[in-house]
Structures are given as structure tokens and as C-alpha cells.
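Asker: My questions concern the predicted model and sequence given below.
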Amino acid sequence: MPTLSAPGIGSGLDIEGIINSLMAVEQIPMQRLQLESAGYLAKISAYGQLRSVLAPFQDAVDKLKSFDDFNPVIASSSDAAFSASATTDAAPGNYRISVDAIAQAHKMGSASQTDPDTTTYGNAGDQLTISTSTGSFTIDYGGKTLSEIQTAINEATDNIGINAGIIRENDSSFYLSLTSEKTGLANAMSLSFTDSGGGAITDPFGFAQTQAALDAQITIDDVYVVESSENTISDAIQGVTINVHSQSSGTGQLSISRDENAISEAVEELVDAYNEMREDFVELSLGELSGDGTLRMIENQIRTTLGSSAGAGGAYSYASQVGISFQKDGTLKFNSSKLSDAVETDLNAVAELFANDSQGFAFRLSGLLDNMLGTDGVIDVREEGLNASIDSANDEIKQMQTRLEMVEARYRNQFTSLDLLLGELQATSSYVEAQLSSLERLLPSNSDN
């Protein structure tokens with residue numbers, strides 16, 4: 001008769017494989033969430049790239065958003081005795097400059113001393129006071145060696161800018177040198193010595209001047225004599241800083257002129273930065289930001305601002321009037337000759353077109369980019385939203401992982417019980433089969449009839 005059989009432990013039932021297959025189905029919703037979370041992370045990374053793409057354009061825009069950007073001036077010198085730099089406050093012009101003297105620091109040196117480390121000077125309580133027109137400080141030198149006096153001067157908490165050093169001439173000749181940190185007559189030193197009772201005493205070191213304190217002196221246009229305690233003179237010509245290096249052998253020429261090339265270079269940098277940014281926008285739109293509304297919005301707003309009227313009320317209303325125009329492929333083209341003509345015709349109108357603080361398109365672009373890139377800006381808010389989505393997805397993933405562990409445990413319990421039941425059925429089947437076989441042998445066969 002037929003044999004009763006069922007797969008179980010030892011009979012071929014693959015419980016682990018069945019559970020794995022069932023769990024693979026159960027995990028599909030969690031895998032979808034994991035893919036979503038990975039997608040959010042990829043978008044955050046893409047927004048980071050978008051920030052990097054916008055930053056160079058923002059730098060180029062910011063170089064044109066201020067009226068000072070349209071009055072760049074350069075200072076040049078025909079004489080190596082001096083150099084100069086200028087700010088936008090400087091008026092174009094030419095000046096004759098001669099350097100009559102350069103500022104130098106005051107120096108004093110002691111008489112020769114036999115050694116720096118063993119011989120001591122004065123008595124306990126003797127003091128040295130070093131003074132300039134700006135102040136003074138006092139050290140105790142009584143009973144100290146030359147090296148100790150040097151240290152006392154340099155480490156004095158109220159030191160007014162005097163450096164002490166020891167000069168070795170030979171093994172038996174040493175000098176204590178004092179140098180003012182600042183140049184000019186106002187910083188010339190004077191020394192005084194007192195005993196423990198405050199009475200004046202003779203200089204025990206034999207100090208003498210080794211370099212006189214001098215002010216810098218220049219003559220402008222053969223008439224105006226300007227003196228300064230420093231070799232940097234910034235108050236002689238408005239907006240101009242003159243640095244003197246050496247005495248002149250004659251008279252040099254200082255030229256202050258408007259740097260129109262700087263304006264052209266800044267505008268060309270803006271055009272190049274826009275075109276590079278646009279290329280990067282295309283790459284981003286083909287990647288993780290494909291179809292992204294934020295990217296499209298940013299690109300459209302920048303393009304609209306560049307193409308719209310500045311409305312500043314000057315002779316120029318559009319960027320195209322000063323050499324910046326859109327081409328058919330969406331890139332910008334720069335005509336430097338057109339800008340040069342506009343600058344020469346009406347520099348103020350060009351400045352208004354870019355830098356007017358309500359309508360200038362560079363000023364508006366700067367505000368637009370700040371709104372995009374700044375704290376709580378458009379990109380910041382978008383990234384915060386994506387991070388919130390990641391946190392939400394991760395929370396759901398954790399909950400699913402807990403539920404899946406419970407589901408897997410339930411499957412294992414169920415299939416373990418099934419496995420035990422199949423094992424029992426298999427044993428019962430074998431027993432019944434054995435009993436039927438025995439009974440069949442006891443029954444008379446048809447041949448006995």
C-alpha cells in the first residue's frame with residue numbers, strides 16, 4: 001500500500017531557506033526606506049556642490065556691488081627712494097617728491113665692559129630710568145651683571161619699547177646696546193641714574209649715542225615739507241600712503257591715476273564666473289538635482305536679475321549697454337570696448353548700474369546670493385528639510401528592524417513547531433506502515449481458499 005511521508009528534520013525540509021525567503025519579502029518596505037534615505041544624503045551632497053558652484057560667482061558679484069569698486073586708483077613712483085599706494089579717496093594727479101631724510105630709531109651704547117656675566121654694577125637700590133617723550137620705565141640695576149641688566153630691561157612689564165642687547169667686540173670688551181623700537185625724534189631716549197635714596201648719580205656705564213633719532217622728511221612739489229616719525233606717511237596727500245626707503249638723489253614723480261583696467265577685469269571676471277556656474281548647473285541638473293525646483297529657481301532668478309533693468313535712473317539701465325549680453329546658448333558675452341566707452345562717457349552712470357543700493361544689478365545679485373547661501377537661506381532650509389526626512393526615515397527603519405526581528409522569531413517558532421509535527425507524523429507513518437505489513441502477513445492469502 002502507499003507510504004505516508006512528509007518532509008521534516010532529516011527529511012529534507014529547508015526551514016532556514018523558507019524563513020530567509022519570507023524575510024526577504026518582509027524587508028522590502030525597509031529597503032525602500034533605506035534607498036530613500038540614501039537618496040536624501042545624495043541630494044544634501046549635491047546641495048553642497050551647488051554652494052561651491054555659487055561661491056565664485058558671489059565673489060565676482062561682490063567686487064562690483066560698491067561704488068568704491070568703480071573708482072579704483074593706482075599710485076606709481078619713478079624713484080626707488082619711495083613707493084606709494086592709493087585708496088579710492090585719492091584724486092588723480094601728479095606730484096614731484098623728494099625724500100630728504102628717512103626716519104631712524106635712536107640707539108645708545110655703553111662704554112666697553114670687561115665681561116657680561118661676573119662683574120656687577122652699582123649698589124643695592126641703584127636704578128636706571130629710560131625715558132622718551134611718550135613715557136618712561138625704571139629697572140633696578142644695582143648688584144646685577146650686564147646680562148642681568150639686559151634681561152631686566154627686556155622683561156620689564158612697563159617697558160615703553162626699548163630693546164637691550166649685548167655686543168661682544170672681543171673676549172674682554174662687551175657693550176650694552178639700547179635701541180628704541182620706534183623711529184623718529186619723539187622716540188629718542190634719555191637715561192637717568194639714581195641711588196637707593198633717589199638721588200641722582202653718574203652714569204656707571206658710560207652710555208653714548210650710537211645712532212641719532214631722525215624723522216622722515218619729504219618735499220612735495222618743491223614747496224611743501226612734510227615730516228613724520230615713521231617711514232610710512234599717510235597724511236600728506238589724501239588717500240595716498242607714501243613709503244620712504246632712502247634719501248633721493250633728485251626729485252621723483254608720483255602719479256595717481258584711475259585704474260580703468262581694474263573695472264574691466266572685474267566685469268570680465270563676473271561674466272566668466274557666470275558662464276562657469278551655468279556649465280556646473282547643467283551637470284547638477286543631470287545628476288542628483290535632476291528636476292529639482294530649487295536649482296531651477298536659483299538659475300532663473302540670477303538670469304532674470306542680469307537681464308532686467310537696473311532702474312537706477314542713470315544713463316544706463318541694462319547690462320547690455322555696458323558690454324554684458326546674453327547669447328543664444330544662454331551664456332554671457334563681454335564686450336570690453338563697449339564698457340570702456342561707457343566708463344569714459346559716464347563713469348557714475350556705470351557705477352549706478354552695478355552698485356546702486358536699491359536697483360543696481362550687482363547689489364541685487366549680492367542680496368539674492370546671500371539669501372540663497374546664508375544661514376536660513378534657500379539652500380540651508382532645503383538641507384534642513386532633507387536632514388529631517390533622513391531622521392524620519394531612520395526612525396522608521398529602526399522600528400521596522402525591531403518588528404522584523406519579532407516576525408523572524410515568530411516564523412522560527414512556527415516552523416520549529418511544524419518541523420516537530422512533521423517529525424511526529426513521519427514516525428507515526430512508519431509505525432502504521434509496519435503494523436499494516438505485519439497484519440498483511442497474518443491474513444490468509446487467496447491461494448489458501
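Answerer: That came through, no problem.
Asker: and residue 36, backbone torsions?
Answerer: phi -60, psi -40 (degrees, to the nearest 10).
Asker: Now do the buried residues in stretch 267-281.
Answerer: Neighbour-count burial for stretch 267-281, counted by 16 or more other Cβ atoms under 10 Å, picks out 267, 268, 269, 270, 271, 273, 274, 275, 277, 278, 280, 281. Backbone N, C-alpha and C define where each C-beta goes, glycine included.
Asker: Show the contacting residues for the fifth one.
Answerer: Contacts for residue 271 were tallied using Cβ atoms under 8 Å, 6 or more residues apart in numbering; they are 324, 332, 333, 334.
Asker: how does it look with 6 Å?
Answerer: Contact partners of residue 271, counting by Cβ atoms under 6 Å, 6 or more residues apart in numbering, are 332, 334.
Asker: Residue 254 versus that one, what's the distance?
Answerer: 34 Å (Cβ to Cβ, to the nearest Å).
Asker: One more: the second one?
Answerer: Relative to residue 254, residue 268 is positioned 29 Å away (criterion: Cβ to Cβ).
Asker: List the buried residues for stretch 344-351?
Answerer: Quick answer for stretch 344-351 (16+ other Cβ under 10 Å): 349, 350, 351.
Asker: Run a quick check on residue 236 versus residue 225, I expect a contact.
Answerer: No. Residue 236 lies out of contact with residue 225 (Cβ atoms under 6 Å); the separation is 10.0 Å.
Asker: Contact partners for the residue nearest to residue 247 when sequence neighbours are not counted?
Answerer: Closest residue to residue 247 apart from its sequence neighbours, by Cβ to Cβ, 6 or more residues apart in numbering: residue 99 at 5.4 Å. Going by Cβ under 6 Å, 6+ apart, residue 99 touches 81, 82, 218, 244, 247, 248.
Asker: just residue 81 next, same as before
Answerer: For residue 81, the contacting residues are 99, 245, 246, 248, by Cβ under 6 Å, 6+ apart.
Asker: Give me the phi and psi for it.
Answerer: phi -70, psi -20.
Asker: mind checking pLDDT for it?
Answerer: Residue 81 carries a pLDDT value of 96.
Asker: cool, and residue 224?
Answerer: 97.
Asker: Tally up the residues packed near the residue lying closest to it once chain neighbours are set aside, please.
Answerer: Among residues not flanking residue 224 along the chain, residue 236 sits closest, at 7.7 Å (Cβ to Cβ, 6+ apart). By the measure other Cβ atoms under 10 Å, the count of residues near residue 236 is 16.
Asker: can you check residue 354 too?
Answerer: Neighbour tally, residue 354, other Cβ under 10 Å: 30.
Asker: tell me the SS of it?
Answerer: With DSSP: H, G, I helix; E, B strand; the rest coil as the basis, residue 354 sits in helix.
Asker: And residue 88, by the same measure?
Answerer: Using three-state DSSP, the structure places residue 88 in coil.
Asker: Please list all residues in contact with it.
Answerer: Residue 88 neighbours (Cβ under 6 Å, 6+ apart): 68, 71.
Asker: Kindly provide the distance from it to residue 256.
Answerer: 11 Å.
Asker: What sits closest to residue 137 if chain neighbours are left out?
Answerer: residue 158 is the one closest to residue 137 (Cβ to Cβ, 6+ apart), at 4.4 Å.
Asker: Just the pLDDT for that neighbour.
Answerer: Per the predicted model, pLDDT is 96 at residue 158.
Asker: Residue 334 now?
Answerer: pLDDT, residue 334: 95.
Asker: Please report the distance of the closest residue to residue 183 other than its chain neighbours from residue 44.
Answerer: Nearest non-adjacent residue to residue 183, counting by Cβ to Cβ, 6+ apart: residue 103, 3.8 Å away. Distance of residue 103 to residue 44, given as Cβ to Cβ: 58 Å.
Asker: now do residue 271
Answerer: Remark: distance between residue 271 and residue 44 (Cβ to Cβ) = 31 Å.
Asker: what does residue 358 give?
Answerer: 35 Å.
Asker: ok, now residue 23?
Answerer: Residue 23 is 31 Å from residue 44, by Cβ to Cβ.
Asker: Name the residue in residue 358 and residue 44 with the higher neighbour count.
Answerer: residue 44 (18 against 9).
Asker: residues in contact with that one?
Answerer: 383, 386.
Asker: Surely it is within a strand?
Answerer: No. According to three-state DSSP, the state of residue 44 is helix, so it is not within a strand.
Asker: Can you check the pLDDT for it?
Answerer: Reported pLDDT at residue 44 in the predicted model: 84.
Asker: Then the one 3 residues further on?
Answerer: Looking at residue 47, its pLDDT is 85.
Asker: I figured it hits residue 385, correct?
Answerer: No. Residue 47 lies out of contact with residue 385 (Cβ under 6 Å); the separation is 10.5 Å.
Asker: Now residue 294. Nearest residue, chain neighbours left out?
Answerer: residue 382 (5.4 Å).
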